[in-house]
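Peer 1: Here is my input, please return the structure:
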Amino acid sequence: MLYNKDVKRRIIAFTLIFFSIFIYAQTARPSAPLETQAYRGQRTTGTGTNCYIQNITAQQSAEGLIIDVRFSSGVDPRSLNSSNIIINGKTVVTNKIGFNREGTVCRINASAKLPCSITVKNVRTPDGKVIPAYTKELK
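Peer 2: Okay, the predicted model is just below:
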């Protein structure tokens with residue numbers, strides 16, 4: 001296929017410009033990547049020195065209890081699991097534990113019925129301090 005001289009010049013000019021920009025972009029990158037940190041939301045913003053459990057509420061549902069634990073500030077969500085929650089003297093059997101975005105409210109779906117006594121213990125703040133245990137009688 002024959003091209004006229006003008007088309008050939010445009011193709012060569014475009015190719016040179018493209019590769020010049022490509023090479024410049026490759027060499028303009030910083031030599032060492034910037035340090036990145038995982039997003040942790042607002043859960044790590046406070047020191048947690050005055051963190052405590054404000055209240056525990058529960059609602060009966062068809063599957064069991066829906067328990068809401070409200071903290072005064074964000075807690076480490078990894079520190080709250082089924083071994084930290086005691087209902088009527090027994091470790092809770094749960095299939096779901098979730099937090100709000102700030103880490104101040106925890107919702108627990110537990111296999112239990114009202115009335116009951118709920119104790120939450122050994123929960124930690126983001127900086128590793130243990131929050132005092134809290135017990136509430138629910139009717």
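
Peer 1: Name the residues of the helix or strand of the chain at the bottom of the mean pLDDT ranking that are buried.
Peer 2: Ranking every helix and strand in the chain by mean pLDDT, DSSP states H and E puts strand 94-99 at the bottom, with a mean of 81. Residues of strand 94-99 classed as buried by neighbour count (16 or more other C-beta atoms under 10 Å): 94, 97, 99. Glycine gets a C-beta too; all of them are placed from N, C-alpha and C.

Peer 1: Identify the residues contacting it?
Peer 2: The contact list for strand 94-99, computed with C-beta atoms under 8 Å, 6 or more residues apart in numbering, reads 43, 77, 80-82, 85, 105-111.

Peer 1: re earlier: closest one of the buried residues of strand 94-99 to Arg9?
Peer 2: Relative to Arg9, the closest of the buried residues of strand 94-99 is Phe99; by C-beta to C-beta it sits at 63.9 Å.

Peer 1: where are the low-confidence patches of the protein?
Peer 2: Along the chain, segments meeting pLDDT under 70 span 1-3, 28-49, 95.

Peer 1: just the strands in it please.
Peer 2: All strands of the chain, identified by DSSP state E, fall at 53-60, 65-71, 85-87, 90-91, 94-99, 105-110, 116-120, 134-138.

Peer 1: okay, these, which one's buried deepest?
Peer 2: Among those, strand 85-87 has the highest mean neighbour count (mean count of other C-beta atoms under 10 Å), at a mean of 22.

Peer 1: Sheet partners, orientation included, of it?
Peer 2: Next to strand 85-87 in the sheet, as set by DSSP bridges, lie strand 90-91 (antiparallel), strand 116-120 (antiparallel).
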